[in-house]
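Novice: Need a 3D model of the sequence below.
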Amino acid sequence: MLDWLFGLAPSVPTVVFLVAAFFLPGLLVLLPLRPGWPAAIALSPAVTLLMLLAGSFAAAAVGLPWNAATAALTALPLVLTAWFAGRRFAFGQPLTPAGIGLPIWLAAGAGTAIGSAVTCLALLRGIGDAAAASQGWDPIFHLNALRWIQESGQATPWSIAPIFGAGRATYYPAGWHSAVALVPGSIPEAANLSSIVIGGLIWPAGLAFLATAVLPRHPAAWALTPLVGASFISFPFSQLLRSGQWPNGLATALVPATLALAVLLLRRVSSAGAAAGAASGTSAGTASGRAEPAAAGTAVPAPARGRILLAVTLVALLGGCAAAHPSSLFAIAVAVLPFVAARFLPLLVRGARRRPLPTLAAVLGTALLAATAWQVLANSRVLAGVMAYRRAVRAEVPDSLYLAFFDLPRFPALSPPAPDDFNIAVGLLVILGAVVAIFVREARPLAVTWLAFVGLYVLAAGPENGLRWLTGFWYKDTQRIAPFIAMAGSLLAALAVAVVTGAVVGALLRLLSARSPEPRTAGRWPVPAILFTAAAAAVTGALYVGSGSYRSVERVAVAAQNYTVSDKPGNGVLSRGEQAFIERAGQMLPADAVVIGDPFNGETYFYALTGRHVVYTQLGSPTAGSPAKELLRTGFNRLATDPAICEAVRDVGATHFYEDAPGASHGSVSLRRWPGFYNVPTRQGFEKVASAEGRTLYRITACR
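Specialist: Next up is the predicted model:
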């Protein structure tokens, strides 16, 4: 174990650089506004992504290449503006519940740190060698996109697709790429370790902050939420590593903190509305007639300036989420709608009774805005294409419900689940938490949010029906929706533990107080608090141990799927030793070399690993828009006999040919899908550059 940990030492500088890239710019902007350290840490990655987006456009406008120095230079005006603005416009109090003692914050910090450590260790064990290139479908494109940003110096969303600038530029979310491309050194290592920062730091910090916003009267849940969150496979293990959805996974990790700020803004706005209603004769209480809990500055309605600053910050966070991936905005909308309804429906009912005409006007205005927004979205060709995305049925009820409730590592249709595959204890706690939420007013919208994402997950899994299109915002992909079930579920499970443990400890104390003198209940370390903390820690420890260290074997296996290599060449995109061969062979090529070969059998990695251009840069639609690429896919092995092949070779600029043993990966059988790159007569028209273990790199001499 110690040897393995020491083996990670060379990766520490890369992790430090990634942490700085994702957190530091946002922190420098937020801290002058005094939101408090917990909030600033949780919110800073989204602010950073917006700053990097603006910086990438500014750099492109003045012709500066995108790198760490340029990113710092373009961020400097925003940082200085925030520091000057902070002198006059700042939050009157931190965006976390007021009046909380040091022990509670220590517990929350410890829970976040432990949850982070549990997640990071499993991710690192799954990846194995931090510099190993992921063999996932999406990561192959993302690795090449990182190389393209470093080569071209452009990182705007319209700069990376298509790679090499071939064809009309199209939009592609570049937030993750713009941050990770700043890291010097190995591109696969930077990409892999970004998963550690995203899933092991940004995600648990966001969950803890969300717990403070949604459950302000249950501080135990703040510490328990990131601990419970570490038990889920759906995020970060499945989405970030097995699916390799690095940009979308980053957007997913930003949702909890952004949702938390939206909840705080709703609370302040509704409190201000209630206060205004009280001034005009309307009750300022809640629907049940009780006052709001003193949390996150909600005891007294905030000044208008504070609400405006909160709204501006939320807009910045939403911009950062969109920079990472626009689908996160739809996830936030689904998550926040129950909180909007819970906050404003009571005000709407009272307004309809007291002031019907202004209330009706407000409702009609809101409906008009919603209809306008829907029309804009409906007429978007990009969104229409996403919504119509064809996705095979992955699971039907009840299998899809098992997946949603118990976080199975694989679809039952692919592998019948074993008892250990179920996150059974946490899943039952989530369901119990949803029941408990009925009696905890501020948690009721959270339960509705959880149910909404469960419903969306079941729709996305299939079968086809009249409502499945609603999941088109996430490409009807269950692995893009499941993390939000984990997000809401982590809070509900933490609430269940906090409430049930509190009830048990309270009953025990009442029993003891009847038989012995009253225990000390005041001071910094009162007996009830100590007993409760010990009980909650015991329950969480029992969950961890009883579930096999949170299904450690399954979590590591899911994380490792795209990093497992076969000993036999041609099995998988990369086989054992192939990455090292490509790195060595690529260094033998001239700077203007262009490599051609089967992209499903290693050719694509020459660019990411060595910087030498390739003909096929991705696995998805690799020949789209190019008749020459399509012709070479099937006819490259006729190079010596068909003049049209040489013409196509010259058209795509290929100078070198990479040959590997035929195999299969991602459903592509080499000899059937890419027959042109096998059985190539290389005795004439080719010059060997490097060869090892059945792999050979040739220089093409036939088409001079």
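
Novice: Now for the residue nearest to Ser195 when sequence neighbours are not counted, how many residues are close by?
Specialist: Excluding the flanking residues, the one nearest Ser195 by C-beta to C-beta, 6 or more residues apart in numbering is Leu240, at 4.6 Å. No exception for glycine: its C-beta is placed from N, CA and C like everyone else's. Leu240 has 29 neighbouring residues, counting by other C-beta atoms under 10 Å.

Novice: so who does Leu240 touch?
Specialist: Contact analysis of Leu240 by C-beta atoms under 8 Å, 6 or more residues apart in numbering lists 123, 195, 198-199, 246, 249.

Novice: now do Val454
Specialist: By C-beta under 8 Å, 6+ apart, the contact set of Val454 is 401, 404-405, 485.

Novice: so where does it fall, helix or strand?
Specialist: Here Val454 sits within helix 444-461, counting by DSSP states H and E.

Novice: re the thing from before, per-residue confidence at the residue nearest to Ser195?
Specialist: Model confidence at Leu240, given as pLDDT, is 95.

Novice: and the residue lying closest to Gly653 once chain neighbours are set aside, what are its bridge partners?
Specialist: Excluding its sequence neighbours, the residue lying closest to Gly653 (C-beta to C-beta, 6+ apart) is Val594, at 4.7 Å. Beta bridges link Val594 to His613 when assigned by DSSP bridges.

Novice: For Val594, give its distance to Tyr698.
Specialist: 13 Å (C-beta to C-beta, to the nearest Å).

Novice: shared neighbours of these two, anything?
Specialist: By C-beta under 8 Å, 6+ apart, Val594 and Tyr698 have these common neighbours: His656.

Novice: re earlier: closest to Val499 among the contacts of Leu240?
Specialist: Distance to Val499, by C-beta to C-beta, is smallest for Gly199 among the contacts of Leu240, at 28.1 Å.

Novice: quick one, what contacts the closest one?
Specialist: Contacts for Gly199 (C-beta under 8 Å, 6+ apart) come out as 119-120, 123, 235-237, 240, 249, 253.

Novice: With Phe164 instead?
Specialist: 148, 613, 617.

Novice: Neighbour count for those residues - can I get that in TSV?
Specialist: Converted to TSV, the contacts of Phe164 look like this (neighbours: other C-beta atoms under 10 Å):
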residue	neighbour count
Trp148	25
His613	25
Thr617	23
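
Novice: so which of the residues you listed comes closest to Ala535?
Specialist: Trp148 (53.8 Å).

Novice: Ile160 is in contact with the closest one, correct?
Specialist: Yes - counting by C-beta atoms under 8 Å, Trp148 touches Ile160, with 5.9 Å between them.

Novice: and Ser578, what does it touch?
Specialist: Ser isn't right for residue 578; it's Glu. 565, 569, 602, 660, 695.

Novice: Which other helices and strands does the strand or helix carrying Thr48 contact?
Specialist: Using DSSP H and E, Thr48 maps to helix 37-62. Contacts defined by 3 or more C-beta pairs under 8 Å, 6 or more residues apart in numbering; DSSP states H and E place helix 37-62 against helix 12-30, helix 68-86, helix 175-180, helix 203-214, helix 246-279, helix 304-324.

Novice: distance of the nearest residue to Asn423 once chain neighbours are set aside from Val553?
Specialist: Computed as C-beta to C-beta, 6+ apart, the closest residue to Asn423 that is not its neighbour in sequence is Asp407, at 4.2 Å. To Val553, Asp407 is 15 Å away according to C-beta to C-beta.

Novice: Phi, psi for Ile233 please.
Specialist: Ile233 adopts backbone torsions of phi -90, psi -30, taken as degrees, to the nearest 10.

Novice: what's the neighbour count on it?
Specialist: 25.

Novice: That one contacts Asp407, doesn't it?
Specialist: Yes - here Ile233 reaches Asp407: they are 5.5 Å apart, a contact under C-beta under 8 Å.

Novice: Mutual contacts of those two, please.
Specialist: Common neighbours of Ile233 and Asp407, using C-beta under 8 Å, 6+ apart, are Asn423.

Novice: And stretch 672-684, end to end?
Specialist: 25 Å (C-alpha to C-alpha, to the nearest Å).

Novice: tell me the contacts of the residue positioned nearest the centre of the chain?
Specialist: What sits nearest the mean C-alpha location of the chain, by C-alpha atoms, centre = their mean, is Gly249, with 2.4 Å. By C-beta under 8 Å, 6+ apart, the contact set of Gly249 is 195, 198-199, 235-236, 239-240, 243.

Novice: Reformat those residues as JSON lines; add distance to Ala559.
Specialist: Converted to JSON lines, the contacts of Gly249 look like this (distance: C-beta to C-beta, whole Å):
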{"residue": "Ser195", "distance to Ala559": "8"}
{"residue": "Ile198", "distance to Ala559": "13"}
{"residue": "Gly199", "distance to Ala559": "9"}
{"residue": "Phe235", "distance to Ala559": "12"}
{"residue": "Pro236", "distance to Ala559": "8"}
{"residue": "Gln239", "distance to Ala559": "11"}
{"residue": "Leu240", "distance to Ala559": "8"}
{"residue": "Ser243", "distance to Ala559": "11"}
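
Novice: ok, which stretches of this structure are strands?
Specialist: 594-596, 613-614, 656-659, 664-665, 668-669, 686-692, 695-700 (DSSP state E).

Novice: What is the nearest of the contacts of Val454 to Leu73?
Specialist: Of all the contacts of Val454, Leu73 sits closest to Ile485, with 41.2 Å by C-beta to C-beta.

Novice: Once you drop chain neighbours, what's closest to the closest one?
Specialist: The shortest distance from Ile485 to any non-neighbouring residue, by C-beta to C-beta, 6+ apart, is to Phe453 (4.7 Å).

Novice: Mind giving me the packing neighbours of the longest helix out of those in the chain?
Specialist: Longest helix in the chain, counting residues (DSSP state H): helix 478-513. Under the contact criterion of 3+ C-beta pairs under 8 Å, 6+ apart, helix 478-513 touches helix 203-214, helix 219-229, helix 246-279, helix 327-354, helix 399-406, helix 424-437, helix 444-461, helix 527-546.

Novice: rewinding a little: so which of the contacts of Val454 comes closest to Pro358?
Specialist: Nearest to Pro358 among the contacts of Val454, with distances taken as C-beta to C-beta, is Ile485, at 39.0 Å.

Novice: can you pull the contacts of that closest one?
Specialist: Neighbours of Ile485 in contact, by C-beta under 8 Å, 6+ apart: 234, 404, 407, 450, 453-454, 457.

Novice: Kindly report the same for Ala179.
Specialist: So Ala179 contacts 18, 21-22, 48-49, 52, 194 (C-beta under 8 Å, 6+ apart).

Novice: how near is Asp138 to Trp246?
Specialist: Taking C-beta to C-beta as the measure, Asp138 falls 7 Å from Trp246.

Novice: ok, those two, which is more surrounded?
Specialist: Set Asp138 next to Trp246 and count neighbours by other C-beta under 10 Å: Trp246 wins out with 29 against 19.

Novice: Does Ala251 touch Cys321 like I think?
Specialist: Yes - if you go by C-beta under 8 Å, Ala251 and Cys321 touch, sitting 5.7 Å apart.

Novice: where do the contact lists of those two overlap?
Specialist: Common neighbours of Ala251 and Cys321, counting by C-beta under 8 Å, 6+ apart, are Ser328.
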